[in-house]
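**Student:** sequence and computational prediction follow.
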Amino acid sequence: MTPVVSQKRFLHRFTIRLNWIELVGLAVLTLNVTWGNVLRAQTDDPAAPKASRSTEPNANESNANESDANEIVRAQIKLLNNPSYRVRQTARFVVEHHPVVSLDVIRTEIDKVDTVVGMQLVDLVSGLAMHSDLTISSSAIELLKEIANDATGIGRSALNCLSSIADLQEEKAVEILRQNGAYIGPQNFSINGKEIDSTQQRLSLVIDDQFTGSDEDFKWIRFLKSVQVVYLRGNKITAEAITATSELKHLRGLKLRSCELTREQLMLFSDLLSLEQFGLSYMDVDDTFLPAIEQLPIGDSIRLYGTKITQEGRDRLANNFQGVEVFRGSGGFLGISSSSNSTIVGRVNINSAAAQAGIRMRDRILAINSVEVTTFDELRRELGHHEAGDTIEVSVERVLDVFSPDEIKARRFEVKVKLQEEN
């Protein structure tokens, strides 16, 4: 090949490339100018006195500009089935880079396009569903859900995209929340202090005062579709964290501690149909919250610990939730766990009141302030009368030696225990 021919081919390709760049630039410039007109407030002649300038946008002109923007996007959508690859790519580029208007236009046009263009629009909306702006991302997901309701190839494509997007969003949410100090992983779970088989460990989210993120980071909670238990604790828990948690429709356990909560926020959890365990600890919650709690679809247990809900309030909840265990305690925490039909200590929490008093695993709790207890429910009931900071007397039996099943050497003793807040 001669140098002249090679140079001609190079110049030809370079010219095509320039035309392609100019085409993209022209389309983007046109759309940006239109968007600028939509957003720019109208003023009078700059030379006029300042007091005479209008500070209000012209509604008619703003509507006209918005209509122009919609028409530009609509025109680009029609070009998605153009025979020219470059034209199609230019049209897609324009639509993708103006997502707010594009999503609204796609919603009105999706039923009017053929399958080829419809598939492209689904793919385009799927990309916007992973947008860094969660408002755009949420709008794109809602649009995909609408499209997925249609029993067509386009609808099935949208449904498949939703599944893939959910996985990707959960991965991103886990990464963001962990970077900001949240714990996400398996965790031992108990119901009112009763041990549960370790095979029932569930994926949990724990956020406390160690969290360094903002409301923008809390918004990612809503994408944790695999999390079944959430524990929110401390002053850093905001309304956004509560709202995002209420969108975890497969949540089975929820515990809120030492955070602000309104009755309206509590009602957000009324749609969690899989909710089994619910707990409020050391919260400024009283009997006025009972109607909101009664709306929650709780299936197994309610734990009210260190709240202002009265014993009468607890009894009202017990009558309302037939078959659901409702426990109320004043907030004094011993720090042990046991099986339901025994008071033999199965676990002693580190640095708990029990640990500091010298209570050990396999000790048997016999009495609290001389009131005999033989089951864990009786033990909890007696402890429930006391607040954190109260000092109680615990009667303990400790096995010293076992000579045979019928001959066991044990020692009974009493120990003073200053109860703590639950840790």
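**Tutor:** Happy to help now that I have it.

**Student:** who does Gly253 bridge with?
**Tutor:** With beta bridges defined as DSSP bridges, Gly253 has these partners: Val229, Gln277.

**Student:** right, and it touches Leu272 too?
**Tutor:** No: taking contacts as Cβ atoms under 8 Å, Gly253 lies outside contact range of Leu272: 10.2 Å. Using the backbone N, CA and C atoms, a C-beta is placed for each residue, glycine as well.

**Student:** and the longest strand along the chain, what's buried?
**Tutor:** Secondary structure of the chain per DSSP state E: the longest strand is strand 391-404. Under the neighbour-count criterion of 16 or more other Cβ atoms under 10 Å, strand 391-404 has 392, 394-398 buried.

**Student:** just the element for Gln89, please.
**Tutor:** helix 85-96 (DSSP states H and E).

**Student:** quick revisit: what packs against the longest strand of the chain?
**Tutor:** If contacts are counted by 3 or more Cβ pairs under 8 Å, 6 or more residues apart in numbering; DSSP states H and E, strand 391-404 sits against strand 364-368, strand 407-418.

**Student:** off-centre distance for stretch 270-289?
**Tutor:** In terms of Cα atoms, centre = their mean, to the nearest Å, the centre of stretch 270-289 is found 16 Å from the chain centre.

**Student:** surely Val227 and Val206 touch.
**Tutor:** No: assessed by Cβ under 8 Å, Val227 is found out of contact with Val206, at 10.2 Å.

**Student:** between the two, which contacts overlap?
**Tutor:** Common contacts of Val227 and Val206 (Cβ atoms under 8 Å, 6 or more residues apart in numbering): Ile184.

**Student:** re earlier: in TSV: the buried residues of strand 391-404, plus pLDDT.
**Tutor:** Shown next, in TSV, are the buried residues of strand 391-404 (pLDDT from 0 to 100):
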residue	pLDDT
Ile392	94
Val394	95
Ser395	95
Val396	95
Glu397	93
Arg398	92
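
**Student:** which one among these gets closest to Pro99?
**Tutor:** For these, the minimum distance to Pro99 (Cβ to Cβ) is 61.3 Å, reached by Ile392.

**Student:** contacting residues around that closest one?
**Tutor:** 332, 368-369, 383, 386, 416-417, 419.

**Student:** how about 10 Å then?
**Tutor:** 332, 334, 353, 357, 368-369, 382-383, 385-386, 415-419 (Cβ atoms under 10 Å, 6 or more residues apart in numbering).

**Student:** I'd like to know which of those are buried.
**Tutor:** Among the contacts of Ile392, the ones that count as buried (16+ other Cβ under 10 Å) are 332, 334, 353, 357, 368, 382-383, 386, 417, 419.

**Student:** of all those residues, which two lie farthest apart?
**Tutor:** Ala357 and Glu382 (15.8 Å).

**Student:** kindly provide the distance from the spatially most central residue of the chain to Phe333.
**Tutor:** The C-alpha lying nearest the average C-alpha coordinate of the chain belongs to Ile221 (Cα atoms, centre = their mean; 2.6 Å). Distance of Ile221 to Phe333, given as Cβ to Cβ, to the nearest Å: 27 Å.

**Student:** with Leu232 instead?
**Tutor:** According to Cβ to Cβ, Leu232 stands 19 Å off from Phe333.

**Student:** same question for Ile176.
**Tutor:** 33 Å.

**Student:** so those two - more neighbours on which side?
**Tutor:** Phe333 (23 against 18; other Cβ atoms under 10 Å).

**Student:** who are the contact partners of the closest residue to the more buried one other than its chain neighbours?
**Tutor:** Counting by Cβ to Cβ, 6 or more residues apart in numbering, the nearest residue to Phe333 once its immediate chain neighbours are dropped is Glu422, at 4.2 Å. Residues near Glu422 by Cβ under 10 Å, 6+ apart: 193, 257, 279, 281-282, 303, 305-306, 329, 331-335, 349, 352, 388.

**Student:** narrow those residues to those in helices?
**Tutor:** Judged by DSSP state H, the subset of the contacts of Glu422 located in helices is empty.

**Student:** now these: which count as buried?
**Tutor:** For these, buried by 16+ other Cβ under 10 Å: 193, 257, 279, 281-282, 303, 305-306, 329, 331-335, 349, 352, 388.

**Student:** what residue ranges in this protein score low on pLDDT?
**Tutor:** 1-66, 188-201, 402-408 (pLDDT under 70).

**Student:** doesn't Lys236 make contact with Gly213?
**Tutor:** Yes: at 8.6 Å, Gly213 counts as touching Lys236 under the criterion of Cβ atoms under 10 Å.

**Student:** overlap in contacts, the two.
**Tutor:** With contacts defined as Cβ under 10 Å, 6+ apart, the residues shared by Gly213 and Lys236 are 181, 207.

**Student:** what comes up buried for stretch 206-218?
**Tutor:** 206-208, 211, 213, 217-218.

**Student:** the residues you listed in helices, which ones?
**Tutor:** 217-218.

**Student:** among the buried residues of stretch 206-218, which ones are in strands?
**Tutor:** Short answer: the buried residues of stretch 206-218 in strands (DSSP E) are 206-207.

**Student:** any idea how this structure splits into domains?
**Tutor:** Using automatic domain parsing, the domain ranges for the chain come out as 3-175, 180-329, 336-418.

**Student:** winner for burial among these?
**Tutor:** domain 180-329 (a mean of 17; mean count of other Cβ atoms under 10 Å).

**Student:** just give me how far it sits from the chain centre.
**Tutor:** Distance of domain 180-329 from its chain centroid, counting by Cα atoms, centre = their mean, is 12 Å.

**Student:** ok, stretch 117-124 next?
**Tutor:** Here stretch 117-124 is found 29 Å from its chain centre; the criterion is Cα atoms, centre = their mean.

**Student:** what's the answer for stretch 142-154, then?
**Tutor:** 24 Å.

**Student:** what residues does that stretch touch?
**Tutor:** 103-104, 106-107, 110-111, 113-119, 121-122, 125-126, 128-129, 155-163, 165.

**Student:** could you dump that stretch to CSV, C-alpha only?
**Tutor:** Extracted in CSV, the C-alpha atoms of stretch 142-154 (Å, rounded to 0.1, in the frame of the first residue of the first chain):
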residue,chain,number,x,y,z
GLU,A,142,-40.2,1.9,39.8
LEU,A,143,-40.4,2.2,36.0
LEU,A,144,-38.9,-1.2,35.5
LYS,A,145,-41.5,-2.6,37.9
GLU,A,146,-44.3,-1.0,35.9
ILE,A,147,-42.8,-2.5,32.6
ALA,A,148,-42.4,-5.9,34.2
ASN,A,149,-46.1,-6.1,34.9
ASP,A,150,-46.7,-6.5,31.1
ALA,A,151,-46.9,-10.1,29.9
THR,A,152,-44.7,-9.4,26.9
GLY,A,153,-41.1,-10.0,26.0
ILE,A,154,-40.2,-6.5,27.1
